[in-house]
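# give the three-dimensional model of this entry:
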Amino acid sequence: MNQEKLIVGKTIKMPAMRRGLVKYPEETILVEQRGLENLAKSAYGIPVVIEHPGVKITPETFKDLEIHGRVADMQYNPDDDIWYINFIVDTQEAVDNLNSGWGISTAWIAENYGPNGTHNAMPYDKELLEGKYEHLAIVKDPRYEMAKGPVFYNSLIDTKKSQEIGDKKMVFKLFRMKKEEIKTNESDNYVVNVDGEDIPLANILEDMKKMENKKNEDDEKKEAKALNGDEMVEYDGKKMTVNELVEKYNAMKKNEDDEKKEENQDDEKKEENQDDEKKEENQDDEKKEENQDDENKEENEDDEKKEENEDDEKKENSLDRKKKRFNEMKDTHDNAHTVNNEVFTTMQQRQSIGAERYGSNK
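Numbering: from 1, shown residues only. Modelled structure (predicted):
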C-alpha cells in the first residue's frame, strides 16, 4: 500500500442517504425511513475506501483492500430528511479527493425485502426492509447528488473549501414552469432544482411543514423520561416506588378485567334466563292455543248437536202437524153425515118423506 498516511486522521461529516427510489441497472428499489433506520445500526466501524472495490468484503478480500478510514456513526436530520455519516480518514488521497468535489457512496447488503409497488407514481421492484452496511466509498460520481460537500471538523482550511463546494451545490434555481400570467398561488407555478431534480416549490414547502411537525413530535418524545423501578412517585397523596405503582396498577387493572368478565358472565346468564322465559312463554302459548282449539272443537260439537236437535224438533213438529192435519181431515169426513148426533137427510129423502106425509101434488 503506497498511501500517504496522516499523523492525525480527519474527522468528516457528510450527507449520505435519503429515502426514496434507488435505480440500479437491473431493478429499482424503494428505501424508506424504516429501512434506513435498520441500516444505520450497522454503520459503526465499516471501512472507508476510494471507489467501490467491486468485490464482497470478506476476511480474505479485506487483506488486499486499501483502507482509507473508518465510519463512526450515522445520524438522521429531520430538518432536511437526510441521513448524515460521520467518519475518519487517515490518508491524504482521501482528503484531496473530497476537497476536489468528490462525494461518498454507501454500499449495503440486503437481508429482507418487501413487495413491489409504486412511489410518487413511479413503479419499483421491491422495498428494502432490513440490511447492513458493508463499506463507505469516496467516489467521483456519487449516486446521490447531495452526497458532496464534506465538513472537516478538525481543519479550518478543509472546512472552508468544503463549505464553498456545498454552498455552490445548495443554490436553488427558481424559474416559472409556464410563461402565462401568475394569478393566484405562485408557489404552484415554480419549481426548485434540488440536486439535479426539478421539484415543485409547493411540494417542498409542504414537505418542510411535515418535517417540522415530525421534529416537534420527536422532541416531545425525547423529553419524556423513563423512570426506573426504585424512583419515588406520588399517587393519591401517598409516596411509593415505581415498582409499587406498577404493581398497584396491575392489580387495579386485573380487578377491572375481572369485573368486566363477571359482567359478561351475568349478561350471558341473563340472556340464558331470557331465552328460558321466552321458551316457557312459547310453550304456554302453544298450550293455550291447544286448549283454545279444544274449546272451539267442543263448541263446534255442541253447535252441531244443537243443530241436530233443532232439526229433530223441526222434524217432529212437522210430523205432529201432518198427523194433526190428517186427524182433522178424518174427523171432518166422519162428521160429514151427522150434525149434533142428528141424521143428515138428503133433498130426495126429504121429498119422499113429505109425499108420504102430505101426499103427492102430482
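# give me the next element, helix or strand, following the helix or strand harbouring A107.
Using DSSP states H and E, A107 sits in strand 103-114. Beyond strand 103-114 on the C-terminal side, the first helix or strand identified by DSSP H and E is strand 117-119.
# how far out from the middle of the chain is that next one?
21 Å (C-alpha atoms, centre = their mean, to the nearest Å).
# for stretch 229-245, same thing?
In terms of C-alpha atoms, centre = their mean, the centre of stretch 229-245 is found 38 Å from the chain centre.
# now the end-to-end length of it.
Using C-alpha to C-alpha, to the nearest Å, one end of stretch 229-245 lies 9 Å from the other.
# pull out the buried positions in that stretch.
L245 (16 or more other C-beta atoms under 10 Å). Any C-beta I mention is one placed from the backbone N, CA and C, and that applies to glycine too.
# wait, Q33 touches M17, no?
No - between Q33 and M17 there is no contact under C-beta atoms under 8 Å: 10.4 Å.
# who has more neighbours out of the two?
Between Q33 and M17, counting by other C-beta atoms under 10 Å, M17 is the more crowded of the two (27 against 13).
# so in the protein, where's the weakest helix or strand by average pLDDT?
Counting by mean pLDDT, DSSP states H and E, the chain has its least confident helix or strand at strand 174-176, which shows a mean of 40.
# just checking, what packs against the longest helix belonging to the chain?
Identified as the longest helix of the chain according to DSSP state H is helix 242-334. Secondary-structure packing of helix 242-334 (3 or more C-beta pairs under 8 Å, 6 or more residues apart in numbering; DSSP states H and E): strand 232-235.
# just give the strands next to the strand it packs on in its sheet, each with its orientation.
strand 238-241 (antiparallel) (DSSP bridges).
# hmm, who's touching the strand it pairs with?
229-234, 248 (C-beta atoms under 8 Å, 6 or more residues apart in numbering).
# now do the domain split for this protein, please.
Following automatic domain parsing, one finds the domains of the chain at 5-169, 190-223, 240-330.
# just send those back as JSON lines, with mean pLDDT and distance to A355 too.
What follows is the domains of the chain, written out as JSON lines (pLDDT from 0 to 100; distance: least, C-beta to C-beta, whole Å):
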{"stretch": "domain 5-169", "mean pLDDT": "88", "distance to A355": "153"}
{"stretch": "domain 190-223", "mean pLDDT": "72", "distance to A355": "159"}
{"stretch": "domain 240-330", "mean pLDDT": "79", "distance to A355": "37"}
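# for these, give me JSON lines that also has distance to G354.
JSON lines is the format used below for the domains of the chain (distance: least, C-beta to C-beta, whole Å):
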{"stretch": "domain 5-169", "distance to G354": "151"}
{"stretch": "domain 190-223", "distance to G354": "156"}
{"stretch": "domain 240-330", "distance to G354": "34"}
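# just after whichever strand or helix holds M74, pick out the following helix or strand.
Secondary-structure assignment from DSSP H and E places M74 in strand 69-77. Once the chain leaves strand 69-77, the next helix or strand it forms, by DSSP H and E, is strand 82-91.
# which parts of whatever helix or strand comes next after that following strand are buried?
Where DSSP H and E defines the elements, the next helix or strand beyond strand 82-91 is helix 92-99. Buried residues in helix 92-99, counted by 16+ other C-beta under 10 Å: 94-95, 97-99.
# and what of stretch 4-11?
Quick answer for stretch 4-11 (16+ other C-beta under 10 Å): 6, 9-11.
# which of those fall within strands?
Cross-referencing the buried residues of stretch 4-11 against strands under DSSP state E gives 6, 9-11.
# excluding chain neighbours, give the residue nearest to M17 in space.
W83 (4.2 Å; C-beta to C-beta, 6 or more residues apart in numbering).
# how much space separates I85 from K305?
112 Å (C-beta to C-beta, to the nearest Å).
# cool, N250 as well?
81 Å.
# now swap in D258 and tell me
In terms of C-beta to C-beta, D258 sits 69 Å off from K305.
# go on, K270?
52 Å.
# and N99, by the same measure?
Applying C-beta to C-beta to N99 and K305 gives a distance of 127 Å.
# what's the answer for E268, then?
For E268, the distance to K305 - C-beta to C-beta - is 55 Å.
# re earlier: hang on, isn't the residue nearest to M17 packed against G20?
No - judged on C-beta under 8 Å, W83 makes no contact with G20 at a distance of 11.8 Å.
# can you show me the helices along the stretch 101-250 of the chain?
Along the stretch 101-250 of the chain, counting by DSSP state H, counting those that start in this stretch, helices occupy 156-169, 201-223, 242-334.
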